[in-house]
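*Asks:* Sequence plus predicted model, see below.
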Amino acid sequence: MSIETITTEDLRKMKGKEGLILQGCGGEPIEWLEGVNRMLNEAGIFKDGSKFENCYVFNQDNLTCMLFPFENTELDVARLAMWRLQNYELFGGTWLSDYVPNYLGGFIEEDKEPVREKPKCALIGEDGNIFNLMGIASRTLKNNRQRAEAKEMCDRITSSGSYYEAIGIIGEYVDICSKDELDEEYDEEMDMGMEGGMC
């Protein structure tokens with residue numbers, strides 16, 4: 001069993017997860033973990049010998065609180081809901097999904113890596129030699145301020161096992177198109193620019 005101390009900001013990043021939160025848990029956390037496991041087992045809430053293997057401790061409004069996550073635990077949720085209501089005055093029990101919006105202002109999304117925008121690259125109709133295509137794609141990336149991506153792509157291509165794998169790698173970094181498609185997009189951007197200048 002493990003007990004981890006976390007912050008309320010950590011709780012706000014647990015969107016999509018669920019668990020039981022008990023408030024005002026003074027004393028040793030391990031005693032709470034063992035005691036809660038014993039009470040829920042006696043109440044027939046755990047299934048197939050399951051129990052809470054880990055929990056989290058955090059402080060909110062000068063109260064020591066504990067979160068018992070449901071993941072990897074087999075529970076009779078209906079019985080647990082009844083137990084929570086019956087013992088609310090003792091433990092202030094609530095669900096993680098209720099606690100965070102009501103006490104902490106809601107869940108926040110964890111920072112996600114921005115999706116890389118692939119620049120268009122006119123490779124259709126060019127000499128199909130892989131080094132020629134790699135060179136054109138590399139220049140396209142560098143012209144779009146993606147020097148690191150250009151190097152990464154070239155390193156992956158030169159260590160790839162086949163021509164088709166190399167082509168697939170190029171397609172991960174640039175949007176492969178024909179010269180006509182590229183010219184059309186350029187013309188559309190020019191037209192939009194002229195319209196914007198006339199307003």
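*Replies:* Sure, I can see it.

*Asks:* What segments of the chain are strands?
*Replies:* Taking DSSP state E as the criterion, the chain contains strands spanning 2-5, 19-23, 54-60, 63-69, 94-95, 120-124, 175-178.

*Asks:* and the third one, what does it pack onto?
*Replies:* Of the remaining helices and strands, those touching strand 54-60 by 3 or more C-beta pairs under 8 Å, 6 or more residues apart in numbering; DSSP states H and E are strand 2-5, helix 8-12, helix 29-42, strand 63-69. C-beta coordinates here come from the backbone N, C-alpha and C atoms, glycine included.

*Asks:* try 10 Å
*Replies:* If contacts are counted by 3 or more C-beta pairs under 10 Å, 6 or more residues apart in numbering; DSSP states H and E, strand 54-60 sits against strand 2-5, helix 8-12, strand 19-23, helix 29-42, strand 63-69, helix 96-103.

*Asks:* in the fourth one, what's buried?
*Replies:* Just to be clear, that refers to helix 29-42. For helix 29-42, a neighbour-count test (16 or more other C-beta atoms under 10 Å) marks 29, 32-33, 36-37, 40 as buried.

*Asks:* picking up where we left off before, export the strands of the chain to CSV and tack on mean pLDDT and distance to A78?
*Replies:* Shown next, in CSV, are the strands of the chain (pLDDT from 0 to 100; distance: least, C-beta to C-beta, whole Å):
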stretch, mean pLDDT, distance to A78
strand 2-5, 94, 27
strand 19-23, 97, 14
strand 54-60, 95, 22
strand 63-69, 96, 17
strand 94-95, 95, 13
strand 120-124, 92, 55
strand 175-178, 89, 51
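
*Asks:* which one of the ones you listed has the most crowded surroundings?
*Replies:* Across the strands of the chain, averaging neighbours per residue (mean count of other C-beta atoms under 10 Å) puts strand 19-23 on top, at a mean of 22.

*Asks:* Can you name the residues in contact with it?
*Replies:* With contact meaning C-beta atoms under 10 Å, 6 or more residues apart in numbering, strand 19-23 is reached by 11, 32, 36, 40, 45, 52, 55-56, 58, 60-61, 63-71, 73, 75, 80-81, 83-84, 87-88, 90-100, 103.

*Asks:* Next, the angle from that strand to helix 96-103.
*Replies:* 50 degrees (axes from the mean of the first three to the mean of the last three C-alpha atoms, to 10 degrees).

*Asks:* partners of strand 19-23, with directions?
*Replies:* Paired neighbours of strand 19-23 in the sheet (DSSP bridges): strand 63-69 (antiparallel), strand 94-95 (antiparallel).

*Asks:* need the strands of the chain in a markdown table with distance to I157, can you?
*Replies:* Listed next are those as a markdown table, based on distance: least, C-beta to C-beta, whole Å:
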| stretch | distance to I157 |
| --- | --- |
| strand 2-5 | 43 |
| strand 19-23 | 46 |
| strand 54-60 | 44 |
| strand 63-69 | 44 |
| strand 94-95 | 50 |
| strand 120-124 | 13 |
| strand 175-178 | 14 |
